[in-house]
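K.L.:
Got a predicted structure plus its sequence, pasted below:
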Amino acid sequence: MTAVGKSSVALEVASRLGDVEIVSIDSMQVYRGMDIGTDKVSVEDRQRVPHHLIDILEPDEECSLSWFRDRFDIALAEIEGRGRRALLVGGTALYLRAAIDRLEIPGRFPGVRAEFEGVDDTEELHRRLAVLDPVAAGRMEPTNRRRVTRALEVTLGSGRPFSSYGPGLDIYPGTEFGLVGLWAPLAVVDQRIGHRCAKQLESGFVEEVRSLAGRPGGLSRTARQALGYKEVLAHVECGLALDEALEMAVRRTRRFARRQRAWYRRDPRIWWYGHTGDPGRVVDSVIEHWTELIDAGHNDRDRGA
């Protein structure tokens with residue numbers, strides 16, 4: 001989860017095991033130039049331990065779920081083809097599910113979506129979905145606009161009910177990956193988020209965002225929604241006071257951390273290891289867990305969340 005020390009733990013685990021390469025499951029670290037705000041691992045760390053799915057898109061390009069899953073498949077095959085093991089690290093929950101649970105991902109139908117994007121009443125759209133695909137409608141809150149509009153887009157555009165693409169994200173099938181989650185008390189997470197945002201500012205985050213925004217292609221719709229970038233862009237492009245922009249970024253990141261925690265807590269496949277401020281304390285436990293899985297005959301892939 002966000003701000004619990006995933007990257008530092010993963011680097012130490014991979015370094016000590018020796019035959020491990022890291023696969024980033026992060027929808028924003030795919031972008032070149034978005035380094036400070038995504039807390040991207042340093043070039044030196046990437047030389048020490050090979051990393052994949054970092055810096056593979058220009059910031060004006062869109063990153064889709066299906067595109068990411070295809071790149072993940074390629075990276076995993078390459079790692080295993082070298083006789084090495086993959087450690088998946090990241091907090092983009094839907095991307096992780098697409099990778100490890102082989103989600104069938106519907107196409108995009110922007111023309112269809114445009115027909116109802118102007119409808120402000122999300123519950124009215126949910127009622128339409130309930131007529132066309134009652135199963136899908138029953139799986140989501142009537143006020144969850146993102147999920148409702150996506151289900152409508154797919155149902156109308158593909159001619160198939162959205163629910164026919166799979167059992168939904170509330171089903172957790174067996175997996176060949178060992179799943180490990182790191183947690184810390186919310187007060188610790190909040191503090192770490194505040195410290196991280198302050199450090200990003202000191203490291204030149206505003207200058208990074210200004211440079212990205214000034215590129216000929218600017219930033220894509222996807223990249224603009226990244227935590228921190230959205231708020232600093234409001235400062236750079238719209239004149240929002242920097243202090244207010246940073247306060248908004250901290251608040252949104254803390255809210256995101258809580259949603260992320262709730263999402264992952266629902267997954268019964270995850271083994272949790274906690275700390276109260278020093279992520280390094282869980283490294284031995286994570287390595288021991290991985291070793292036990294291998295000794296028990298479990299597939300020797302693993303992933304840190």
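P.N.:
Structure's in. What do you need?

K.L.:
quick one: low-confidence ranges for the protein?
P.N.:
Applying pLDDT under 70 to the chain picks out residues 297-305.

K.L.:
In it, what residue spans correspond to helices?
P.N.:
Taking DSSP state H as the criterion, the chain contains helices spanning 6-17, 43-48, 65-81, 93-100, 110-116, 122-132, 134-138, 145-158, 186-202, 205-213, 221-224, 229-238, 242-265, 283-295.

K.L.:
Please report how far the nearest residue to R145 once chain neighbours are set aside lies from P142.
P.N.:
If you skip the residues right next to it in sequence, R145 has T122 as its closest partner in space, 4.5 Å away by C-beta to C-beta, 6 or more residues apart in numbering. C-betas here are computed from N, CA, C, even on glycine. Applying C-beta to C-beta, to the nearest Å, one obtains 7 Å for the distance of T122 from P142.

K.L.:
Find residues that contact each of those two.
P.N.:
Taking C-beta atoms under 8 Å, 6 or more residues apart in numbering as the contact rule, T122 and P142 both touch V148.

K.L.:
What helices and strands are in contact with the longest strand anywhere in the chain?
P.N.:
Among all segments of the chain classified by DSSP state E, the strand with the greatest residue count is strand 177-183. Helices and strands in packing contact with strand 177-183 are listed as strand 270-274, helix 283-295, strand 301-304; criterion 3 or more C-beta pairs under 8 Å, 6 or more residues apart in numbering; DSSP states H and E.

K.L.:
List the contacts of the residue lying closest to E78 once chain neighbours are set aside.
P.N.:
Take E78 and drop its neighbours on the chain: the residue closest to it by C-beta to C-beta, 6+ apart is H52, 7.9 Å away. H52 makes contacts with 21-24, 75, 78-79, as judged by C-beta under 8 Å, 6+ apart.

K.L.:
Could you give the bridge partners of H52?
P.N.:
V23 (DSSP bridges).

K.L.:
mind listing what's buried in stretch 211-231?
P.N.:
Within stretch 211-231, the residues that count as buried by 16 or more other C-beta atoms under 10 Å are 212-213, 219-220, 222-223, 226-231.

K.L.:
I'd like the distance from that stretch to the chain centre, please.
P.N.:
Averaging C-alpha coordinates over stretch 211-231 and over its chain gives two centres that are 17 Å apart (C-alpha atoms, centre = their mean, to the nearest Å).

K.L.:
ok, and what's touching that stretch?
P.N.:
Looking at stretch 211-231 with C-beta under 8 Å, 6+ apart, the contacting residues turn out to be 2, 27-28, 31, 33-34, 37-38, 58-63, 197, 200, 205, 209, 233, 236-237, 240, 245-246, 248-249, 252-253, 256.

K.L.:
Give the buried subset of the residues you listed as a PyMOL selection command.
P.N.:
Per 16+ other C-beta under 10 Å, the buried members of those correspond to this PyMOL selection:
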select buried, resi 2+27+28+31+33+34+37+38+59+60+61+63+197+200+205+209+233+236+240+245+246+248+249+253+256
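
K.L.:
List the residues that contact V41.
P.N.:
Counting by C-beta under 8 Å, 6+ apart, V41 touches 7, 11, 51, 54.

K.L.:
what two of these are the furthest from one another?
P.N.:
Farthest-apart pair in those is L11 and I54; separation 13.1 Å (C-beta to C-beta).

K.L.:
Show me which of those two is the more surrounded one.
P.N.:
L11 (21 against 18; other C-beta atoms under 10 Å).

K.L.:
Same question for stretch 143-163: list its buried residues.
P.N.:
Judged by neighbour count using 16+ other C-beta under 10 Å, the buried positions of stretch 143-163 are 145, 147-157, 161-163.

K.L.:
For L76, which non-adjacent residue is closest in space?
P.N.:
Sequence neighbours aside, A86 is the residue nearest to L76 in space, at 5.5 Å (criterion: C-beta to C-beta, 6+ apart).

K.L.:
what do you get for T2?
P.N.:
For T2, the closest residue by C-beta to C-beta, 6+ apart turns out to be A257, at 4.5 Å.

K.L.:
coming back round to it: which one of the contacts of V41 is nearest to Y264?
P.N.:
Compare each of the contacts of V41 with Y264 using C-beta to C-beta and the shortest gap goes to S7, at 16.7 Å.
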